[in-house]
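1. Give me coordinates for this.
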Amino acid sequence: MAFLGKLLDVNLTEGRTTISGLPDKLVRKFLLGRGLNAWLLYQNVGEEVRPLRPENILLLSCGLLTGTVVPASSRLHVSSKSPLTGLMGSSNVGGNFGAELRLNGFQSILIRGRAKRPVFLWIHDGVVEIMDASSLWGLDTWESEKRLKSDLKDGCLRVMAIGPGGENLVSFACIMANDDHAAGRTGMGAVMGSKNLKAIAVRSQEKRLLTDVSSASIVKSYIHKIKTSPRFQHVATYGSVGDIQWTNEMGILATRNYRETQFEHFHQIDGQKIQKYVTRLKSCYRCPVHCKADITIKHGRFKGTDGTRPEFESAVALGSKCGLDNTEALMYLCDLCSRLGIDSISTGSVIAFAMDLYDRGILTRKDTGGTDLIWGNQAAMEMLIHQIVRREGLGGILAYGVRDAARIIGKGSERFAYHAKGLELTAYDPRGLLGTALGYAVSPRGGDFTSTYATAEYRWSPERAERELGNREAVDRLSPEGKGALIRRASIVSVVLDSLGLCKVPPLTLMVDFSLKNEAALMASLTGWEVDSEDLLHIGERIVNVERLFNVRNGADVEDDRISEKFTKEAIAEGPAEGHTVQLQPMLKDFYGAMGWNEAGYPSEEKLKALDLLDVAVMVRRHKVKAGHKRQGAPQPYLPATNGPLTIENGKERKRARRSH
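-> Numbering: from 1, shown residues only. Take a look at the predicted model:
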């Protein structure tokens, strides 16, 4: 179909590129973006593949509607086997890179192997070149973009690059697009670094995909719905970080490594306080919301700092979760993570974990190199960020993420390492949002909100929940009832939006519309396909099941659909959700039933047949025979030979590490 772009297959080992079309049948079955990535990962990456070896592949795929006239059609999905979790690695990024890649004629990039030396991809004028990047290696992500724009003599160039975090294989390294857009979670930057791929540069295009009159009318209606939604002005003014006050009032704000659910200094990290530093609002490709912003710090220690406004999750992870109440330090540290190319959510989480251990006496000054790792110590946080990126001292241990750092440190530290499937949890304390808690547990990539974007849990009325989900209590945030249907719908809708290349903020944050009727109308008008919302929900369910099967094949089972025991056994001590814990087991049973999975969390053969996945039904039977197969954590490049207590001497591990990949 002429509407679709091409698949670019890059073999870095051989220094070869191949361009091919995408079969219409495959696109109709899985869409593009996240759906295409899930299928290609399932087809190409088996359980024997280690995340940081050349055999792993890295996928960057535009959604079906990315780069079109559809509002907020900016998204690019990045996937691989994760070095942080050993399971589905998945991250979604906005900005303009995805749209420009699509407008250059490429829908997806599949990257194989490992280059002999640092390289970057240069895509321009229908040509793809593998270029030497030796002069870029060691630069941060912002410096890399500036250097490429200068060297390639194109000031409008779009760039995705890794920083020192990806080069040094930090397990939660990210890929940055145009300064402040991150493919942030599950360590995709480390996979890119393991391939000696520093950046991908795409020439900006003036051409745009055309639309007809009927499409223009539907697009105009969609924009109107976005702009007239009740929360549009708030989000357009303050960005996502404007929700910190609400989260605090709900008693679900992760504070001091989840010890508390409200932060006494929340106003210091909220969007209304940050607003005074904003110099310019910005937007992703064709988005009417403009929730991004540039900031400038004019006074104090960080005077002269020009950067970007923190996102909600970053502000919580490096703010309340670490007990940091200094607004300017928060903005500086968020940008520092972006420049160095590490996920700010995981970074804040591992620092909060270390601060918690220090406060409990599990880590001492000897372990921290003499640093007083007390809550909110901004200098210590900055030091740890640099140590993480350089993989030195305590930072070298934290670079593995909280799950594996706890395995190394020992001494009971595992009890304070809060994650699901090895991915650090996000901003909401799950005890005060039970649908979100279930989402953390069953998300294919681990402790994540955006794969199970359950805003309906606290935005819908009971009447609407009964009408659309069959249970009024599905939107009672403190009741376990109805959460299976809620998270089933949220998971399917989330995967469809990621596969269409649309930002979730307009439909799910602003309109809180989980019907996919608007998106089906947009897709039908642009592609000419006869498709409705039920068709999209069916495709989305197919993709969710393929992601599940990828994880099953890589050793995940029902025991991995868990969150840390703190949240199931220790009640919230005070605030609006006082006395509540997560009642996970009945919600899991409810979710498995809603998904058509058996009690072990495997998709049934009947379900796979209904989803036209007969070819993978055989794999399910084989996996049942291999009942002894179990994942033993994510394979890491340097993991100590024992899991005993850690001691650090002169900034280095005393124990000799061994290679395990």
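2. Now E565: closest residue in space that isn't a chain neighbour?
-> Nearest residue to E565, sequence neighbours excluded (CB to CB, 6 or more residues apart in numbering): R415, at 7.3 Å. The C-beta positions use only the backbone N, C-alpha and C, and glycine is treated the same way.
3. Could you chop the protein up by domain?
-> Listed by automatic domain parsing, the domain ranges of the chain are 6-202, 229-420, 440-500+532-625.
4. next one: stretch 142-156 to chain centre, how far?
-> 26 Å (CA atoms, centre = their mean, to the nearest Å).
5. on that earlier part again, ranking the domains of the chain by mean pLDDT, which is last?
-> Out of these, domain 440-500+532-625 stands lowest, with a mean of 94 (criterion: mean pLDDT).
6. Present the domains of the chain as JSON lines; the columns should include distance to T509 and mean neighbour count.
-> Listed next are the domains of the chain as JSON lines, based on distance: least, CB to CB, whole Å; neighbours: other CB atoms under 10 Å:
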{"stretch": "domain 6-202", "distance to T509": "11", "mean neighbour count": "23"}
{"stretch": "domain 229-420", "distance to T509": "7", "mean neighbour count": "21"}
{"stretch": "domain 440-500+532-625", "distance to T509": "6", "mean neighbour count": "20"}
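7. Go through these and name the closest to A216.
-> domain 6-202 (7.4 Å; CB to CB).
8. Looks to me like the residue nearest to E565 is in a helix.
-> Yes: counting by DSSP: H, G, I helix; E, B strand; the rest coil, R415 falls inside a helix.
9. what sits against it?
-> Neighbour list for R415: S564, E565, K566 [criterion: CB atoms under 8 Å, 6 or more residues apart in numbering].
10. quick one: which of those sit in helices?
-> E565, K566 (DSSP state H).
11. of all the contacts of R415, which comes closest to H265?
-> K566 (23.0 Å).
12. and the gap between the closest one and G319?
-> Distance from K566 to G319, counting by CB to CB, to the nearest Å: 20 Å.
13. mind saving the C-alpha coords of the helix or strand where A329 lies as CSV?
-> Element membership for A329 (DSSP states H and E) is helix 327-340. Extracted C-alpha coordinates of helix 327-340, given in CSV (Å, rounded to 0.1, in the frame of the first residue of the first chain):
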residue,chain,number,x,y,z
THR,A,327,13.1,23.0,42.6
GLU,A,328,16.2,24.1,40.7
ALA,A,329,18.2,21.0,41.7
LEU,A,330,15.3,18.8,40.5
MET,A,331,15.2,20.5,37.1
TYR,A,332,19.0,20.3,36.8
LEU,A,333,19.2,16.6,37.8
CYS,A,334,16.3,15.7,35.3
ASP,A,335,18.2,17.3,32.5
LEU,A,336,21.5,15.7,33.6
CYS,A,337,19.9,12.3,33.2
SER,A,338,18.7,13.2,29.7
ARG,A,339,22.2,14.5,28.7
LEU,A,340,23.9,11.4,30.1
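14. which helices and strands does the single longest helix found in the chain pack with?
-> Counting by DSSP H, the longest helix found in the chain is helix 533-553. The elements that helix 533-553 packs onto, with contact taken as 3 or more CB pairs under 8 Å, 6 or more residues apart in numbering; DSSP states H and E, are helix 24-30, helix 33-44, strand 88-93, helix 483-500, helix 517-527, helix 584-595, helix 614-625.
15. Distance from stretch 36-53 to the middle of the chain?
-> Distance of stretch 36-53 from the chain centroid (CA atoms, centre = their mean) equals 18 Å.
16. got the end-to-end distance for that stretch?
-> 22 Å (CA to CA, to the nearest Å).
17. name the helices or strands packed onto the helix holding A329?
-> Applying 3+ CB pairs under 8 Å, 6+ apart, one finds that helix 327-340 contacts helix 141-151, helix 271-274, strand 292-297, strand 305-308, helix 312-318, helix 344-360, helix 378-390.
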